[in-house]
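[1] Here is a sequence with its predicted model. Questions after.
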Amino acid sequence: MKKKKIIIITFLITIILMSVGYSSLATDLNINGITEIAGSWDVKITNVEAINVSSSCDAGKPTFTDTSVNFSAKLMKPGDEITYKVTIKNAGTIDAKLQTVIFTEEIDGILALNYTTTQITPELNAGEETTFNITVTYVKDTEEIPEKKTKTLTGIIEYVQK
Amino acid sequence: MKNKKFFGLFLLYSLINIIFSYYHYNFYLNYLKPLFWLIFLLVNYKEKIKNINTKNNFYITIIVSLIFVILYYLEGFFLGFTKSPLNHSLLGFMKNLIIEVIPILGLEYMRYKMLKPNRHHHSFIILFTTLIILNEINIFSVFAYSKADLFKYITSKIIPSISSNLLFNYLSLNSNYYLPITIKIINQIAILLFPIFPYCNWFIKGSFSIIKTVIIFLILKHYLFSQKNSQIKMHQNTFATLTYALTLIFSTSLVFFMLGLFKYEPIAILSNSMFPKFERGDLVIYEKNKSISKGSIIVYQKDSELIVHRVVDAYNDIYITKGDANNIVDKKEVLEKDIKGVYKFHLKYLGYPSIWLQEFLNEEMK
């Protein structure tokens, strides 16, 4: 009977403390890696930053999740470009290989703005980190002068176990 | 202490685990650890277990194992599921299976051989369990954590490890090693086979791990280990089960409430901007998906911050808000998509535990 009381009280205190902690701390979704297996899977995008911005252009505030990046690049004149550097880290213990790379641009009908990417590392072993660049360019010799000069892009980058 | 040889082997395993946590951890997990346990089993496994009522125990074991898997995947109904990144080719599956299953077989057999003969030596059981837990968590990494990260780590890693090991200790002491092995292996096979994983955060991981453990414990206690000798004992068992069940219902409801699954959700008030309506330390309960009008007190989110202020103007699905105690309206307009809900009522002082913990953990305010 005493043992049962101790178990119930400990259980309740633990749940209440966790609940209070949850309400206190930031609740941004965070996959803690898959730890139900001996190793842990923790491959994710850790940073996106604009590293080369032509004058008067606006790189906006790129956002990212574990497997996706999103940014809006505002360019002013032909020849302008903005380059974003994306960092991916394998902080787990399982080696990974690249499975999915999909870039989706907002349907805007603007031909004067396009984008290119450097190669994304096909294999990312445990503990390694890699980067790749995405460059949005306002085509130099274009005659098109779009009203809206912003290119919005979403990239999905997924790794799986090697 | 009995079976000192096994304890010596376990200490050796712990030492290897600590060393390789720093160097070539990948190699250790994929090759050295399964090899260690394989050699351990080949050398030491020499016995047969006589089971009473084996067929009945077998069915209950399988059912409990499946319930364990279902409870794990139920976590995904809160935040969704994510694609499994594991290798699902036959070779990849077999490799993952060998890496996972051999240590399970070895460790659970070791646990049984250590705990059963030493069942009356409580301090030894505590020591042995502590060592198992320390092996499962990377204790040295926690020294680099902030207080907030350490709290999350304890909730998502240490508490699940403690609760699952307590459960498997209970099974080893009251039965044999078949039960924990079956539960663990069926769970692992499901994880390795299924194309999806529950998408969960540290709070769901921690809270569900102990809720899951208590549910499994109750089922096994009732069907496998219950005393059916007398009417008094049956009455006591029923009362005990009822107490546990009520505790579970309360705990699960609290977790669901914190996760925002109900119509109402709580938020602790950090400032006095809405004084005298409510003030710092109060707990506001707000209702989701409610219509908003001028004068409503709304909860909205701007730049990762939750704010509870009154609507003073509204046009074209844009709201202008202001704290009752503030002289000017809020700088940023509130859009429909920013709104979390509408104030329903508040509870005095109940927000303080959350505020105190947040200040202790030194996190930025929500």
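    On my side now, so go ahead.

[2] For the stretch 51-200 of chain B, just list every one of the helices.
    According to DSSP state H, counting those that start in this stretch, the stretch 51-200 of chain B carries its helices in the segments B:54-74, B:76-79, B:90-115, B:122-136, B:147-153, B:159-174, B:178-193.

[3] so can I have a markdown table of these showing mean neighbour count and distance to B:L15?
    C-beta: built from backbone N, CA, C; applies to glycine. Output for the helices of the stretch 51-200 of chain B, formatted as a markdown table (neighbours: other CB atoms under 10 Å in any protein chain shown; distance: least, CB to CB, whole Å):
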| stretch | mean neighbour count | distance to B:L15 |
| --- | --- | --- |
| helix B:54-74 | 15 | 31 |
| helix B:76-79 | 15 | 38 |
| helix B:90-115 | 19 | 15 |
| helix B:122-136 | 16 | 10 |
| helix B:147-153 | 18 | 23 |
| helix B:159-174 | 20 | 19 |
| helix B:178-193 | 20 | 24 |
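
[4] contacting residues for the residue nearest to B:F93 when sequence neighbours are not counted?
    Take B:F93 and drop its neighbours on the chain: the residue closest to it by CB to CB, 6 or more residues apart in numbering or on different chains is B:L192, 5.8 Å away. By CB atoms under 8 Å, 6 or more residues apart in numbering or on different chains, the contact list for B:L192 reads A:I37, B:L86, B:F93, B:N96, B:L97, B:E100.

[5] The fifth one touches B:I189, doesn't it?
    Yes: B:L97 lies in contact with B:I189 (CB atoms under 8 Å); the separation is 7.2 Å.

[6] still on that earlier bit, and the helices of the stretch 51-200 of chain B, which one averages the lowest pLDDT?
    Confidence, taken as mean pLDDT, is least for helix B:76-79 of the helices of the stretch 51-200 of chain B (a mean of 76).

[7] Show me what from the stretch 1-150 of chain B comes close to chain A.
    B:25-26, B:29-30, B:33, B:72, B:79, B:82-87, B:92, B:96, B:99-100, B:103, B:148 (CB under 8 Å from any CB of the partner chain).

[8] Mind doing that once more with 6 Å?
    Within the stretch 1-150 of chain B, the residues that sit near chain A (CB under 6 Å from any CB of the partner chain) are B:Y25, B:N26, B:L29, B:P85, B:L86, B:N87, B:I99, B:E100, B:A148.

[9] Helix, strand or coil: sort out the third one for me.
    The reference is to B:L29. helix (DSSP: H, G, I helix; E, B strand; the rest coil).

[10] if we can go back for a sec, can you redo the helices of the stretch 51-200 of chain B as JSON lines with distance to B:A245?
    Formatted as JSON lines, the helices of the stretch 51-200 of chain B follow (distance: least, CB to CB, whole Å):
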{"stretch": "helix B:54-74", "distance to B:A245": "15"}
{"stretch": "helix B:76-79", "distance to B:A245": "21"}
{"stretch": "helix B:90-115", "distance to B:A245": "28"}
{"stretch": "helix B:122-136", "distance to B:A245": "26"}
{"stretch": "helix B:147-153", "distance to B:A245": "29"}
{"stretch": "helix B:159-174", "distance to B:A245": "17"}
{"stretch": "helix B:178-193", "distance to B:A245": "21"}
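
[11] Nearest to B:A268, out of those helices?
    Relative to B:A268, the nearest member of those by CB to CB is helix B:147-153, separated by 15.7 Å.

[12] Could you give the separation of that closest one from the chain centroid?
    14 Å (CA atoms, centre = their mean, to the nearest Å).

[13] Alpha carbons only: can I get that helix in CSV?
    Only the C-alpha atoms of helix B:147-153 are listed here, as CSV (Å, rounded to 0.1, in the frame of the first residue of the first chain):
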residue,chain,number,x,y,z
LYS,B,147,19.6,24.8,-17.7
ALA,B,148,16.7,24.9,-20.1
ASP,B,149,18.3,22.3,-22.4
LEU,B,150,19.1,20.2,-19.4
PHE,B,151,15.5,20.2,-18.3
LYS,B,152,14.4,19.1,-21.7
TYR,B,153,17.1,16.4,-21.8
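
[14] those helices in chain A, which residues are they?
    Assigned by DSSP state H, the helices in chain A fall at A:2-24.

[15] Show me which residues of stretch B:263-272 are buried.
    By neighbour count on 16 or more other CB atoms under 10 Å in any protein chain shown, the buried set for stretch B:263-272 is B:E265, B:P266, B:I267, B:A268, B:I269, B:L270, B:N272.
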